[in-house]
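# Sharing a model prediction with you, sequence too.
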There are 2 protein chains.
Amino acid sequence: MPELRYDPIQKRWTIIASEQGRRPDDFPIKNEPPREGFCPFCEGNEGKTPPEIAAVRANGSGPNQPGWQVRVVPNKFPALRIEGNMDRKGIGVYDLMNGVGAHEVIIETPQHNLNLADARVEHIEQVIRMYRQRLVDLLRDRRFKYILIFRNYGAAAGALLSHPHTQIIASPVTPLILVRELTSAKQHYMQKERCLFCDVIQQEIESGERIVVATEEFVALTPFASRFPFEIFIAPRSHHHSFAEISDHMIRRLAVVLKEVLLRSKKCLNDPAYNFLIHTIPNVKASPRRRNYWDTIEVDFHWHIEFMPRLTRIAGFEWATGFYINPTAPEEAAKYLRDVAL
Amino acid sequence: MPELRYDPIQKRWTIIASEQGRRPDDFPIKNEPPREGFCPFCEGNEGKTPPEIAAVRANGSGPNQPGWQVRVVPNKFPALRIEGNMDRKGIGVYDLMNGVGAHEVIIETPQHNLNLADARVEHIEQVIRMYRQRLVDLLRDRRFKYILIFRNYGAAAGALLSHPHTQIIASPVTPLILVRELTSAKQHYMQKERCLFCDVIQQEIESGERIVVATEEFVALTPFASRFPFEIFIAPRSHHHSFAEISDHMIRRLAVVLKEVLLRSKKCLNDPAYNFLIHTIPNVKASPRRRNYWDTIEVDFHWHIEFMPRLTRIAGFEWATGFYINPTAPEEAAKYLRDVAL
């Protein structure tokens, strides 16, 4: 019998069609690299990107020169533009504003063919430190209500270049899915004076059946109502609301867990295309501030990472309803991921 | 400058990155048929599907025999199952119920290679009449809160078989996206005593710039805040809340408009993969009834069809936020669709 499972964070039902019992080698989408051509992200091609915003350079090399380990540049084809004002206005029943924001690319390594799953932990640590650095910097701009860090790997995940990179988009509105997560968490806290995410993590650690990796500081698990097969949720075990405030120690520990998640998925699912993304709190200093709404954000929200391998296609049912059919039970997925030889 | 546009129905922002100005022949996804093999939907193979639920048979042929024009069967690999009770229960912070529901396939024609865009209007009319018939029948089951009719065409749209077919899923919960649409419409009606959809349609007809097809009874347009390039919204121009109550006359008129939309998209976008789906009211007779909530449903809601060609890939940003980047302005898309030679 299929099951309907409810995700208390996203307030969303999923159909777990475990009778289909799709195994790791049983999915329609195979990972293909994006079309290759000239790579503007490779060392030596610094002049082909807009001027760099930040970089990790160990050897005293100058900006926009070779010699970097991690490099941040504006996206050459940005979804949102840094200059100007929002100029919100109504047109009859509609609302409209200028596409003001930021769109940056974190080039994670000079090595074109490095798979992040195979990078050294110290290198992943440097990349995550750069996530924090750019997030902290962008939060200073009061026009930006939400800053999203996300990674597309493989053509099926929407990556246009294969050189390892992460993107950051700073948006002048708080997106729908974040509002939903924040609202669920706030309602839970008002009722119980406990963090919804902490409750979920606690229950998952007690049950154990959906745990992929657990360390002293972090947990990686397949969500109870996973929309996608082999989806993984990563979060600090203790309550932390803001990724911008992550400590160096926690970054080091996160790099270990992230590497293990990437490596287990790579081995288990034949190097799948994937998206991962960080959900942290909105910019509480954005203007105009929704004061009452954000006043308890420190206790309400719990930052986390969502990792979604792209193995199945989304069809009419999902587009129509926001209600997903997942052909692999999350408990089975966790077991495959735990059992794979590294 | 990119624009941020707000959809008052879905309460969702979209980035219209019109600088990218993607034209009809400019998209990464090309339509490919699903993998071909033995086709259980072809005439003569009636024994390979579960026994038929309904059919259009002009010549007095018996059930599960050749001689049909349209045939409805249970899905052999259903996402939800017809037998049993929901048995809702909680597991700590989670909710769980049995996957009770219905999952049917409407085989639209005995002709394996018929493109619905090329079908005769009278045939499309028969198919739509069968949509109504199955919807009316499934609404009698008080376990089903929502009944969704949707069509996947092409592998990129999630179709597994290429023989023309539509699917129906009856669900024991009202899906997220429908709750959102219903809530927006209800709030609008409470404020203005007008239907939100009627207001949108009125404004679009007055402006004209996003209209693809307009007849006396129907309008097809590219939504102001379209998530996807060349997305099309089709609705009756006057207020109708329930697709189950559509008249024979209106079905005939809808068949004309649907054929024109399919044909314009086929010609303009090189026969793209697509999903289309019908959004109608929930089952107001479902048990337990949310009485206060549905009491004004007749004035709140307006049934419609969403048509979404699958031309672009969804990446981390969209998955993280529910906030889409559309590289083609809807006004441009409407113009291409209007101007294509039929």
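Now that the structure is in, tell me what you want to look at.
# Now find how far off-centre stretch A:252-264 is within its chain.
Centroid separation for stretch A:252-264 versus its chain: 14 Å, with C-alpha atoms, centre = their mean, to the nearest Å.
# Can I get that stretch in PDB? Just the C-alpha atoms.
The C-alpha coordinates for stretch A:252-264 follow below in PDB (Å, rounded to 0.1, in the frame of the first residue of the first chain):
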ATOM      1  CA  ARG A 252      35.200  22.300   9.800                       C
ATOM      2  CA  ARG A 253      32.700  19.800  11.100                       C
ATOM      3  CA  LEU A 254      30.200  20.600   8.300                       C
ATOM      4  CA  ALA A 255      32.900  20.100   5.700                       C
ATOM      5  CA  VAL A 256      33.400  16.500   7.000                       C
ATOM      6  CA  VAL A 257      29.700  15.700   6.900                       C
ATOM      7  CA  LEU A 258      29.100  17.400   3.500                       C
ATOM      8  CA  LYS A 259      32.000  15.500   1.900                       C
ATOM      9  CA  GLU A 260      30.600  12.200   3.300                       C
ATOM     10  CA  VAL A 261      27.100  13.000   2.000                       C
ATOM     11  CA  LEU A 262      28.500  13.900  -1.500                       C
ATOM     12  CA  LEU A 263      30.700  10.800  -1.600                       C
ATOM     13  CA  ARG A 264      28.000   8.400  -0.400                       C
END
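# Is it in proximity to chain B?
No - if you take C-beta under 8 Å from any C-beta of the partner chain as the test, stretch A:252-264 misses chain B, and the best it gets is 14.5 Å. Just so you know, the C-beta spots here come from the backbone N, C-alpha and C atoms, and that holds for glycine as well.
# contacts for that stretch?
Outside of stretch A:252-264, the residues within contact range by C-beta atoms under 8 Å, 6 or more residues apart in numbering or on different chains are A:116-119, A:121-122, A:124-125, A:128, A:212-213, A:215-218, A:220, A:232, A:234, A:236, A:246, A:305, A:307, A:337-338, A:340, A:342.
# so where do the helices sit in the stretch 1-150 of chain A?
A:121-138 (DSSP state H, counting those that start in this stretch).
# tell me the contacts of the closest residue to residue A:14 other than its chain neighbours?
Spatially, and ignoring its direct neighbours in sequence, residue A:14 is nearest to residue A:225 (4.3 Å; C-beta to C-beta, 6 or more residues apart in numbering or on different chains). By C-beta under 8 Å, 6+ apart, residue A:225 lies in contact with A:5-7, A:10, A:12-14, A:16, A:330, B:94.
# same question, residue A:3
A:15-16, A:18, B:96-99.
# Output the residues you listed in JSON lines; the columns should cover distance to residue A:172, pLDDT and neighbour count.
Below are these laid out as JSON lines (distance: C-beta to C-beta, whole Å; pLDDT from 0 to 100; neighbours: other C-beta atoms under 10 Å in any protein chain shown):
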{"residue": "A:15", "distance to residue A:172": "35", "pLDDT": "96", "neighbour count": "25"}
{"residue": "A:16", "distance to residue A:172": "37", "pLDDT": "95", "neighbour count": "25"}
{"residue": "A:18", "distance to residue A:172": "42", "pLDDT": "78", "neighbour count": "18"}
{"residue": "B:96", "distance to residue A:172": "39", "pLDDT": "95", "neighbour count": "17"}
{"residue": "B:97", "distance to residue A:172": "40", "pLDDT": "94", "neighbour count": "17"}
{"residue": "B:98", "distance to residue A:172": "44", "pLDDT": "94", "neighbour count": "19"}
{"residue": "B:99", "distance to residue A:172": "41", "pLDDT": "94", "neighbour count": "24"}
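# State the pair within those that is farthest apart.
Largest separation among these by C-beta to C-beta: A:18 and B:97, giving 14.3 Å.
# Return the closest of the contacts of residue A:3 with respect to residue A:324.
residue A:15 (7.0 Å).
# The closest one and residue B:97, how far apart?
11 Å (C-beta to C-beta, to the nearest Å).
# Tell me the residues that contact both of the two, please.
A:3-4.
# ok so, going back, looking at the contacts of residue A:225, which has the most residues close by?
Counting neighbours by other C-beta atoms under 10 Å in any protein chain shown, residue A:330 leads the contacts of residue A:225 with 27 neighbours.
# For the most centrally placed residue in chain A, which residues count as its bridge partners?
In chain A, the residue lying closest to the centroid (C-alpha atoms, centre = their mean) is residue A:277, at 0.6 Å. Beta bridges link residue A:277 to residue A:150, residue A:306, judged by DSSP bridges.
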